[in-house]
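Asker: Would you be able to build a 3D model of this:
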Amino acid sequence: MKMPWRLAALSCLALAMPAVGSARAETNPVVHASSPDGSLVLSVTTDNDKRPEWSLSRKGRLLIAPSRLGFLLADGINMVRGFTIASSETSQGEETWEQPWGERRFVHDRHNELVVRFVQAQEDGARAMNLRFRLFDDGIGFRYELPEQPGLKTMKITDEVTGFTIAPKGEAWWIAGGEWNRYEQVYQHTAIDAVSTAHTPITMKLEDGTHLSFHEAALVDYAGYWFKRADGQSFRTTLAPSSQGPAVVRDLPFATPWRTIRIADDAKGLVENDLELNLNEPNKLGDVSWVQPGRYIGIWWGMIRGDWTWAEGPRHGATTARTKQYIDFAAKNHFRGVLVEGWDKGWNGNWFGHGQDFSYTQATPDFDLDGLADYARSKGVRLIGHHETGGNIANYEAQLEPAMALYGKLGVDVVKTGYVADAGGILADTRRYGDEPGAPFTAWHDGQRMVNHYLDVVKVAATHHVSVDSHEPVKDTGLRRTYPNWVSREGARGMEYNAWGAFANGPDHEPTLVYTRMLSGPMDFTPGILSLKGAEGVPLASTPAKQLGLYVTIYSPIEMAADFVEELQKHPREMDFITSVPTDWAESHLIAGEVGDYAVFARKDRQSARWFIGAVNDASARSVTVDFAFLDPGKAYEVKIWKDGEGATYLTEARHAIAYETRTVRKGDTMSLWLAPGGGAAMRLVPRD
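Answerer: Numbers count the residues shown, from 1 in each chain. Predicted coordinates:
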């Protein structure tokens, strides 16, 4: 008799069958565990060479075929062979915890856990290595835990050989790992077996419609990993390198970051998933009421376009007069912050990849830092600080404490940091922050040295009640749960690329980001270019309605209106949406969308009963159905709509066409929404009294 998939999975557990597809495992112990609903079944064993391996099935179908586990070492026998399973244990966990800010206020964590303890044979080194797996209904995370043990005090890891052999065929959306421009690339869409080496998150859609996202959680004191294809659909981790030899050097005991896979039936399940957050430790900072989400404007777009300069001179952007103009605009239009780039000394000359001349406490002669901080506070506005390093972290770390102390004293409670240097070109030294300076060397943005640096900056900033928005960052791995002042990052091609060439970010860029980069955490994408013009008038692959839709679809607790204030003033009806849309949410739902094609989000304001909807589209015109099932029953809502005008397309001057509508909706209503090529939409729903 054929059993339903869930009963079959439970039966498999009860019988302790060998790993699926691994007949050789019959002579080796096999440990099993399942997700709370039984849909995911994990098998852990060793092969005939005593190499640890794992596999995963979903709803009775093999998802991850037997895949290797272990480490390559610089100073001893590799930890890949000669292992046996010494013991294992299982446990369960369930809790609901509250975010101080985020896409949703409450996060539910329900998982089953398996710990498998491996011991290596005497002739192979006699090392102990534990694997901790957590199985959720919508994914899995696992990490290595290296306990204290005789004969192994420090691990010098040249690489990690965690494998992911994907059994079913499918397609992938990815960017190349290890390239000069870090994460700032256009996403490729290929078959899974055409991926080379990718950054994570990497998103896949299998032939049966199952959606996967491979990433990591809690990246602390370790190198970030790249997702490297070995053969066919077999992949493994490869760690970001170090110019000093081993990719990772750690004293025992320690645990690696979690290797994660989100697993869902559809795009919605992939997006509405808190796997990485749940695998991070709770808030370590205590009271973080000083971390304040909000909207901001900035002296930035003019430099990106080339109208102004970061360097001192006649076109210097960061002047006292211009900053006062922006503060006044912010106060009038209810923006919390004003970002000012180029305020400090060090921008003259070639700073890219050098950065030795930057000062983080001394302003240029035409910028009154103290006076402008006071002026901003008098208007109910905060300056947003800026620390560009040019990739020179040795210079930055030498000034980090006084720089953050200065911002704390002036009430500058958010700082945007920058690390503009080619990948592998960070200028560092061999010390840990707080130690005496060491020998200089170069590092990768996602290597162990930089992983530690980014977190050190966040920790020092927290002592002065300053939040951090990292540009040219290491990828987000959910550490905002542990350090809630790490409010946002860049980590992908942002709006700035649209200043440098026509359609530089194609129309499918944002509806791809939603299902790839955005699965890692908030992004400071800097929308709001209502003029739709970059340098010398080059057009954006967008419509005004899409620019508004970005405020809901590309999440960040700090959100910029990036255009010149003179351009923003030309669009009062669009500004009505921008100045009202929150940056902190009680609920978030993907109500329609497909990877790389389009996305429609509904989010509920944490501070009121209002809902907001945002949509972004690719190059194909389409009509989507907006279902208002998320609304509270029994209430009528007035919905104000900003949408693409008739005939709008990003390809011509018709890109500027926008239409407006107001109607009343209730729970259960639906509406058809037309999205132009490169277009989008925005809605504000306010309950009627």
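
Asker: Going along the chain, name the helices of the stretch 1-150 of the chain.
Answerer: Counting by DSSP state H, counting those that start in this stretch, residue ranges of the helices within the stretch 1-150 of the chain are 5-15.

Asker: try the stretch 451-600 of the chain
Answerer: 509-513, 544-553, 565-568, 572-578.

Asker: Residue 427 is nearest to which of those?
Answerer: Closest of these to residue 427 is helix 509-513, at 29.8 Å (criterion: Cβ to Cβ). Backbone N, C-alpha and C define where each C-beta goes, glycine included.

Asker: mind saving the C-alpha coords of the closest one as CSV?
Answerer: The C-alpha trace of helix 509-513 is given here as CSV (Å, rounded to 0.1, in the frame of the first residue of the first chain):
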residue,chain,number,x,y,z
HIS,A,509,17.1,44.0,-11.8
GLU,A,510,14.8,44.9,-8.9
PRO,A,511,12.4,42.0,-9.3
THR,A,512,15.4,39.7,-9.2
LEU,A,513,16.9,41.4,-6.1
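
Asker: picking that back up, highest mean neighbour count out of the helices of the stretch 451-600 of the chain?
Answerer: A comparison of the helices of the stretch 451-600 of the chain by mean neighbour count, using mean count of other Cβ atoms under 10 Å, puts helix 544-553 on top with a mean of 29.

Asker: Pull it out as CSV, backbone CA atoms only.
Answerer: The C-alpha coordinates for helix 544-553 follow below in CSV (Å, rounded to 0.1, in the frame of the first residue of the first chain):
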residue,chain,number,x,y,z
PRO,A,544,7.8,57.0,-11.4
ALA,A,545,5.3,54.4,-10.1
LYS,A,546,8.2,51.8,-10.0
GLN,A,547,10.3,54.3,-8.0
LEU,A,548,7.5,54.5,-5.5
GLY,A,549,7.0,50.7,-5.5
LEU,A,550,10.6,50.3,-4.5
TYR,A,551,9.9,51.8,-1.1
VAL,A,552,7.8,48.7,-0.2
THR,A,553,9.5,46.0,-2.3
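
Asker: mean confidence score for that helix?
Answerer: Averaged over helix 544-553, pLDDT sits at 98.

Asker: what's the closest of the helices of the stretch 451-600 of the chain to residue 86?
Answerer: Short answer: helix 509-513, nearest of the helices of the stretch 451-600 of the chain by Cβ to Cβ, at 44.1 Å.

Asker: Which strands and helices lie in contact with the closest one?
Answerer: helix 544-553, strand 598-605, strand 611-617 (3 or more Cβ pairs under 8 Å, 6 or more residues apart in numbering; DSSP states H and E).

Asker: returning to what we had before: mind putting the helices of the stretch 451-600 of the chain into a markdown table with distance to residue 209?
Answerer: Shown next, in a markdown table, are those (distance: least, Cβ to Cβ, whole Å):
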| stretch | distance to residue 209 |
| --- | --- |
| helix 509-513 | 18 |
| helix 544-553 | 22 |
| helix 565-568 | 42 |
| helix 572-578 | 34 |
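
Asker: burial count for residue 287?
Answerer: Residues near residue 287, counting by other Cβ atoms under 10 Å, number 8.

Asker: can you give me the helices in the stretch 251-400 of the chain?
Answerer: 267-271, 275-278, 301-305, 320-332, 369-378, 393-410.

Asker: closest one to residue 81 among those helices?
Answerer: helix 275-278 (30.9 Å).

Asker: hmm, back to that, for residue 680, which of the helices of the stretch 451-600 of the chain is the nearest?
Answerer: helix 544-553 (3.2 Å).

Asker: Centre of the chain to the closest one, how far?
Answerer: Mean-position distance between helix 544-553 and its chain equals 19 Å (Cα atoms, centre = their mean, to the nearest Å).

Asker: how about residue 155, what does it touch?
Answerer: 71, 73, 146, 248-250, 252, 254 (Cβ atoms under 8 Å, 6 or more residues apart in numbering).

Asker: how close does it sit to residue 254?
Answerer: Computed with Cβ to Cβ, to the nearest Å, the distance linking residue 155 and residue 254 is 8 Å.
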